[in-house]
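S.K.: Sequence and predicted model, in that order:
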Amino acid sequence: MDINEKVNVIKSLAEEILTEEELVNLLKTKKKIIAYDGFEPSGQLHIAQGLMKAINVNKLTSIGITFKFWVADWFAMINNKLGGDLDKIKTVGEYFIEVWKACGMDCDKVEFVWASDFIKSHPEYWESVLKLSMNSTVQRVLRCGQIMGREENTSNPSSQILYPLMQASDMIHLNVDIAQLGLDQRKVNVLARELFPKLGYKPPVAVHNHMLLGLQFRETDAEGVDRKIALKMSKSKPETAIFMTDSKEDIFRKFKNAYCPEGKEEDNPVLEYTKYIIFEKFKEITIERPEKFGGNLVIKNYEELRDKFVKKEVHPLDLKNCVAKYINELIEPVRNHFKTNKKAKALYEKVKSFEVTR
């Protein structure tokens, strides 16, 4: 595979690349390239964190990139996930890894690094945190609060200052070449790219993937204008997300009630599921319809589906049923794994008993 082909693979998962020129140069000049993502173990895994992440990781490893997952257990603790209970957080981290194995992530090409273990055995990590803090202002670091899923305000814990600096330090000590995280982590990746040259490090290329919309909507936009807009996917709002162990009944119910504006692509979560998940796993899909409504419709790619939906040749209800069918098919191996594997089943029972905290 030549450089252009590798770049196209990476672009297929990227909403944004900072910068494409740096990425091309990296692929040309470095043999072993390390990409990373970090995750806070908290609650059950939804489909964007599970199946969509597996798709993206497999794309990177398929072109020879080494992927490191930073199991950010200490980060979840200081962000007060699961009440800051580290034992529960570690259990959830093990559950996450079981989900990824079950949904098809090529884990033989992935290294899972637990933050607490790594930092304890690498005390020089804290020197990097201190040096990063010396080269940035409090206000600049506080602007990264969104990466913790929290808005900037005076009542936030002081750990909000540590968190972005630690995340930047992660990239130094994992020797990261590519930071492959969701677009919600953009602020800290930009912070790292600003600070690294000051400390003599080469800044990582940032490859940000799309953030999948939630299935539910609110009646007004951010400015208070009356306009239906899809909600952010949230573990604390289960109807906004498909979880990796949802039952068939759960999946069909959630899609039946999902926001799917007729004839519109923008802000349409059901169409997004086809673009970012279904057509990544299936070469074609069949929309099942009664003969009186045109009969079954075979669609070969997202663009064809989008065009037919925008022209109102595909009804929202038919699309919802179709998406539910294929998503259920993709979730089925994960459900079976957590039913039949003793270790996975025990982990899942524990995780279900934990109260989800924001």
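M.R.: That came in fine, so what should we check first?

S.K.: Could you check how far the closest residue to residue 242 other than its chain neighbours is from residue 327?
M.R.: Spatial nearest neighbour of residue 242, chain neighbours left out: residue 47 (4.4 Å); criterion: C-beta to C-beta, 6 or more residues apart in numbering. Using the backbone N, CA and C atoms, a C-beta is placed for each residue, glycine as well. Distance from residue 47 to residue 327, counting by C-beta to C-beta, to the nearest Å: 7 Å.

S.K.: Between the two, which contacts overlap?
M.R.: 242, 273, 277 (C-beta atoms under 8 Å, 6 or more residues apart in numbering).

S.K.: correct me, but the second one touches residue 328?
M.R.: If I follow you right, that is residue 273. No: Residue 273 lies out of contact with residue 328 (C-beta atoms under 8 Å); the separation is 11.7 Å.

S.K.: So the two - more neighbours on which side?
M.R.: Neighbour count, other C-beta atoms under 10 Å: between residue 273 and residue 328, residue 273 has more, with 27 against 19.

S.K.: residues contacting the more buried one?
M.R.: Counting by C-beta under 8 Å, 6+ apart, residue 273 touches 47, 212, 323, 327.

S.K.: Neighbour-wise, which one of those residues leads?
M.R.: Of all the contacts of residue 273, the highest neighbour tally under other C-beta under 10 Å goes to residue 323, namely 26 neighbours.

S.K.: can you give me phi and psi for that residue?
M.R.: Dihedral pair for residue 323: phi -60, psi -40, per degrees, to the nearest 10.

S.K.: ok so, going back, how close does the residue nearest to residue 242 sit to residue 215?
M.R.: As judged by C-beta to C-beta, residue 47 and residue 215 stand 10 Å apart.

S.K.: shared neighbours, these two?
M.R.: 241, 242.

S.K.: all helices for the stretch 251-358 of the chain, in order.
M.R.: Applying DSSP state H, counting those that start in this stretch to the stretch 251-358 of the chain gives helices spanning 269-273, 279-281, 302-310, 316-340, 342-353.

S.K.: Distance to residue 66 added to those helices, as CSV?
M.R.: Below are these laid out as CSV (distance: least, C-beta to C-beta, whole Å):
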stretch, distance to residue 66
helix 269-273, 29
helix 279-281, 22
helix 302-310, 30
helix 316-340, 25
helix 342-353, 26
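
S.K.: Could you list the low-pLDDT ranges of this structure?
M.R.: Scanning the chain for pLDDT under 70 picks out 146-157, 218-230, 236, 355-358.

S.K.: Quick check: buried residues in stretch 187-204?
M.R.: Residues 187, 188, 189, 191, 192, 193, 195, 196, 201, 203, 204 are the ones in stretch 187-204 that count as buried (16 or more other C-beta atoms under 10 Å).

S.K.: cool, stretch 71-83 as well?
M.R.: Of the residues in stretch 71-83, 71, 72, 73, 74, 75, 76, 77, 78, 79, 80, 81, 82 count as buried by neighbour count, 16+ other C-beta under 10 Å.

S.K.: ok, so of those residues, who is nearest residue 21?
M.R.: Residue 21 has its nearest neighbour among the buried residues of stretch 71-83 in residue 72, at 29.8 Å by C-beta to C-beta.

S.K.: could you pull out the strands for the stretch 51-200 of the chain?
M.R.: Assigned by DSSP state E, counting those that start in this stretch, the strands in the stretch 51-200 of the chain fall at 66-71, 110-114, 178-182.

S.K.: what's the most buried one of those strands?
M.R.: strand 178-182 (a mean of 24; mean count of other C-beta atoms under 10 Å).

S.K.: what's the angle from it to strand 66-71?
M.R.: With axes from the mean of the first three to the mean of the last three C-alpha atoms, to 10 degrees defining the directions, strand 178-182 sits at 50 degrees from strand 66-71.

S.K.: got a list of contacts for strand 178-182?
M.R.: By C-beta under 8 Å, 6+ apart, the list of residues contacting strand 178-182 reads 13, 23, 26, 33-38, 48, 56, 60, 65, 67, 171, 185, 189, 192, 204-211.

S.K.: Buried among those residues? Make that a ChimeraX selection.
M.R.: This is the ChimeraX syntax for the buried subset of the contacts of strand 178-182, where burial follows 16+ other C-beta under 10 Å:
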select :13,23,26,33,34,35,36,37,38,48,56,60,65,67,171,185,189,192,204,205,206,207,208,209,210,211
